[in-house]
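J.: fold the following.
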Amino acid sequence: MSGAGMVRQGSLASAHTRPGPGSLEVRGIAKSFGARRVLADVSLEVAAGEIVALVGPSGSGKSTLLSILTGSLAPDAGELRFAGEAVAGPCRPFAYMPQSDVLLPWRRIVDNAAIGLEVAGLRRAEARARVGELLEPFGLAGTERLYPRQLSGGMRQRVSFLRTVVQDRPVLLLDEPFGALDAITRDELQQWLLKIWGENGWSILLITHDIREAVRLADRVLVLPREPGPLIGDVRVSRNIARGDGFVTDPRVPPLEAELQGLLRKASGRAG
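T.: Residues are numbered from 1 along each chain as shown. Next up, the predicted model:
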């Protein structure tokens, strides 16, 4: 696979400059809302070109951590670093994809996908041109003049993902991107994501509640406890495991899922 930020023939990168590869480091992050502590001493790393999944019980602070990464919340303690440099302020090397596609119903698909570029200051024509280069590899050719209501849920998620990666950031923050889809569509998009990631090598931090999805997509799976504190698990997933149609029958998958189930019980404060 290519390194994060590298341009390959036939990849999604266009001729404009992309940020270089580098690891994301989260060091000692803490956050409280009044007297309620949500995060405490959270540290993790996502290496260049790596997919790391973060799972945890409801209320463990996964969304709060994402908000800190995107800059919409400030931590009470700790720091973020990318490629060895501190990350602060509004200019960040991260692109964020929320759980809901949040497409604007009155904008056509090409304009929905281009909205992040326009907000960043690009002229509409240039933003549309960049999006246009990626419609075919994203399986969206011919949809540019359609409206969101004319697309299926899976196609809308592709548009949302396109809107995320067209910003050319080396780190993608994905918040349960396939959680609202039916099982067949979710399976198709998981395989599609792995293919398109393999061609481009982004670093990805994936938030998910689905253990099977975490094992299928990630190089490592981290577990965030409900009671604020450090991560309690770092489960490595071999890239030799089949990620396509043979995934569910691979004998190495059930032990990983069982290990993560046990860590989630511990993270929830349940014995056994």
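J.: what about Asn240, how many neighbours?
T.: When counting by other C-beta atoms under 10 Å, one arrives at 8 neighbours for Asn240. Glycine gets a C-beta too; all of them are placed from N, C-alpha and C.
J.: my error: substitute Ser268 in the last question.
T.: Count around Ser268 with other C-beta under 10 Å applied: 15.
J.: which stretch of helix or strand covers the spatially most central residue of the chain?
T.: Taking C-alpha atoms, centre = their mean, the centroid of the chain lies closest to Leu174, which sits 2.3 Å from it. Taking DSSP states H and E as the definition, one finds Leu174 inside strand 171-175.
J.: strands along the stretch 151-272 of the chain, start to end?
T.: Secondary structure of the stretch 151-272 of the chain (DSSP state E, counting those that start in this stretch): strands at 171-175, 203-207, 220-223, 233-236.
J.: out of those strands, which is closest to Val55?
T.: Of all these, strand 220-223 sits nearest to Val55, with 5.8 Å by C-beta to C-beta.
J.: biggest helix in the protein by residues?
T.: If you go by DSSP state H, the chain has its longest helix at helix 183-200.
J.: so what does that helix touch, helix or strand wise?
T.: Identification of packing neighbours for helix 183-200 by 3 or more C-beta pairs under 8 Å, 6 or more residues apart in numbering; DSSP states H and E yields helix 153-165, helix 211-217.
J.: just put these in JSON lines and tack on mean pLDDT and mean neighbour count.
T.: Putting the helices and strands packed on helix 183-200 into JSON lines (pLDDT from 0 to 100; neighbours: other C-beta atoms under 10 Å) gives the following:
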{"stretch": "helix 153-165", "mean pLDDT": "89", "mean neighbour count": "21"}
{"stretch": "helix 211-217", "mean pLDDT": "93", "mean neighbour count": "22"}
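J.: residue contacts, the nearest residue to Ala88 once chain neighbours are set aside?
T.: Computed as C-beta to C-beta, 6 or more residues apart in numbering, the closest residue to Ala88 that is not its neighbour in sequence is Leu80, at 7.6 Å. Leu80 is in contact with Leu24, Glu25, Val26, Arg27, Ile29, Ile68, Leu69, Ala86, Val87, Ala88, counting by C-beta atoms under 8 Å, 6 or more residues apart in numbering.
J.: what's opposite Leu80 in the beta bridge?
T.: As for beta bridges, Leu80 partners with Val26 under DSSP bridges.
J.: list the buried residues in the longest helix of the chain.
T.: Using 16 or more other C-beta atoms under 10 Å as the test for burial, helix 183-200 gives Thr185, Arg186, Asp187, Leu189, Gln190, Gln191, Trp192, Leu193, Ile196, Trp197, Asn200.
J.: isn't Leu189 right up against Leu181?
T.: Yes - if you go by C-beta atoms under 8 Å, Leu189 and Leu181 touch, sitting 6.8 Å apart.
J.: overlap in contacts, these two.
T.: Shared between the contact lists of Leu189 and Leu181 (criterion: C-beta under 8 Å, 6+ apart) are residues Gly154, Gln157.
J.: next one: Gly229 relative to Gly28, how far apart?
T.: 12 Å (C-beta to C-beta, to the nearest Å).
J.: quickly list what's touching both of the two.
T.: Joint contacts of Gly229 and Gly28 (C-beta under 8 Å, 6+ apart) are Asp41.
J.: low-confidence ranges in the protein?
T.: Residues of the chain meeting the criterion pLDDT under 70: 1-21, 270-272.
J.: domains in it, by residue range?
T.: What automatic domain parsing lists as the domains of the chain is 22-93+171-272, 100-168.
J.: quick check: Ala141 vs Lys195, distance?
T.: Between Ala141 and Lys195 the computed distance is 16 Å (C-beta to C-beta).
J.: same check on Pro90?
T.: Distance, Pro90 to Lys195, using C-beta to C-beta: 32 Å.
J.: spatially nearest residue to Pro225, not counting backbone neighbours?
T.: Closest residue to Pro225 apart from its sequence neighbours, by C-beta to C-beta, 6+ apart: Ala267 at 4.3 Å.
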